[in-house]
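>>> Sequence first, then the predicted structure:
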Amino acid sequence: MSYNNLPVHLKPCFLYMGRYGEDEDIVISDLIQLSVAEGFVKPINGKCLEDVAKEYIYELLDRNLLVVGIHNYSLKMHDLVRDLCLREAQKLKFLCVLEEHGIPQDIQSQRCIVGRLSEEKYPTQLLQSLESASLLRSFTLGPSVRKKRPTSLLYNFRLLRVGYVEQDYEEILPWLVNLRFLDVYVVDEDPLPSSIYFLWNLWRLLLHNVGKDYVCEIWKMPQLRHVGTDLREGTLDGAYCLPDTSFSYEEDMVLENLQTLSHVKNLKFGEVVLKRIPNIKTLKLYYKTKVDTSREHTSSSEESSEAEDSSEEEEDFSEGGGGGDT
């Protein structure tokens, strides 16, 4: 088991696995999108980048560097392999994991930083060191510290590709022009700032804490490939997400890159909408309808029902890949 024997194209993908905790389930769909957003995946023979990323994962499975998790749509990494991964990643200043043993050396030159400290464990000295990490491409902190970090921390990360924003996003997002993978934790169901529509490099947008029927005009972001919400925290309003009305400049409404659209409510799904998402692969729609119960009762009542229309198939790596014990 040697890192040096890995093909060049697999090395950054392997090192990136260090961002996951010990025994943590690695959701395959997230890993694929992250690998593409980080720029680890290169196009091959006209294949879409997500398919190439999937091939990379198969190769890591065949080499027993990853194993299939309890669920076929998740992966795991053995402890010894993870130790090797972290050791090589830190040596190459590729990835730094913040744990309870002081401030790592050369934190200013790291490519990816992952925080695993508990609440109240981010001293001023560490936050000041993080502010100088201007080369950072990926920045993840635990939920307990997101609201505690100073807003100024993100202003310096002009090269950031993967980011998670929970507060002051109206001020922060205009500075993060290189974002490709973005999770936004909406506060009090406030609307997204108009600046988000100018993030021309953004590929993946996931919204949290949006409540019911949140307005997000994704048709203004033609470069998006994956859009959705955490279903436990709300849905998107279909009337604004993809309007079914005709526009004077209809060609500007076509989202040719969009592959995933999840948790949209009451979308008027007709021919006009379908033409605007010609390459969609995963579509999850929810509807609220009136149900006629007059046959069973003397009066009719209104009930809420949900229907899901999805072409999604969970990535299944139980066959065709590796996954043996290391």
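Thanks, I have the structure now.
>>> So what's the predicted local confidence for residue 199?
We note a pLDDT of 91 for residue 199 in this prediction.
>>> Can you tell me how far it is from residue 30?
Distance of residue 199 to residue 30, computed by C-beta to C-beta, to the nearest Å: 20 Å. To be clear about C-beta, it is placed using only N, CA and C from the backbone, and glycine gets the same treatment.
>>> which one of these two has more residues nearby?
residue 199 (20 against 14; other C-beta atoms under 10 Å).
>>> With adjacent residues omitted, what lies nearest to the more buried one?
Nearest residue to residue 199, sequence neighbours excluded (C-beta to C-beta, 6 or more residues apart in numbering): residue 179, at 5.4 Å.
>>> ok so that neighbour is a helix residue?
No. Looking at residue 179 with DSSP: H, G, I helix; E, B strand; the rest coil, it is coil, so not inside a helix.
>>> Quick check: the gap between it and residue 215.
The separation that residue 179 has from residue 215, given C-beta to C-beta, amounts to 21 Å.
>>> Those two - which one has more neighbours?
Taking other C-beta under 10 Å, residue 179 and residue 215 do not tie; residue 179 has more neighbours (24 against 13).
>>> pLDDT value on that one, please?
Value for residue 179, per-residue pLDDT: 93.
>>> Now that it has come up, it's in contact with residue 163, right?
Yes. Between residue 179 and residue 163 there is a contact under C-beta atoms under 8 Å: 5.5 Å.
>>> Give the next helix or strand downstream of the host helix or strand of residue 207.
Using DSSP states H and E, residue 207 falls within strand 204-208. With elements assigned by DSSP H and E, the helix or strand that comes after strand 204-208 is strand 211-214.
>>> list the buried ones in that following strand?
Applying a neighbour-count criterion of 16 or more other C-beta atoms under 10 Å, the buried positions in strand 211-214 are 213, 214.
>>> so what does it touch, helix or strand wise?
strand 234-237 (3 or more C-beta pairs under 8 Å, 6 or more residues apart in numbering; DSSP states H and E).
>>> switch the cut-off to 10 Å
On a contact count with 3 or more C-beta pairs under 10 Å, 6 or more residues apart in numbering; DSSP states H and E, strand 211-214 meets strand 234-237, helix 238-241, strand 260-265.
>>> nearest to residue 65, of these?
Ranking the helices and strands packed on strand 211-214 by distance to residue 65, with C-beta to C-beta as the measure, places strand 260-265 first at 26.8 Å.
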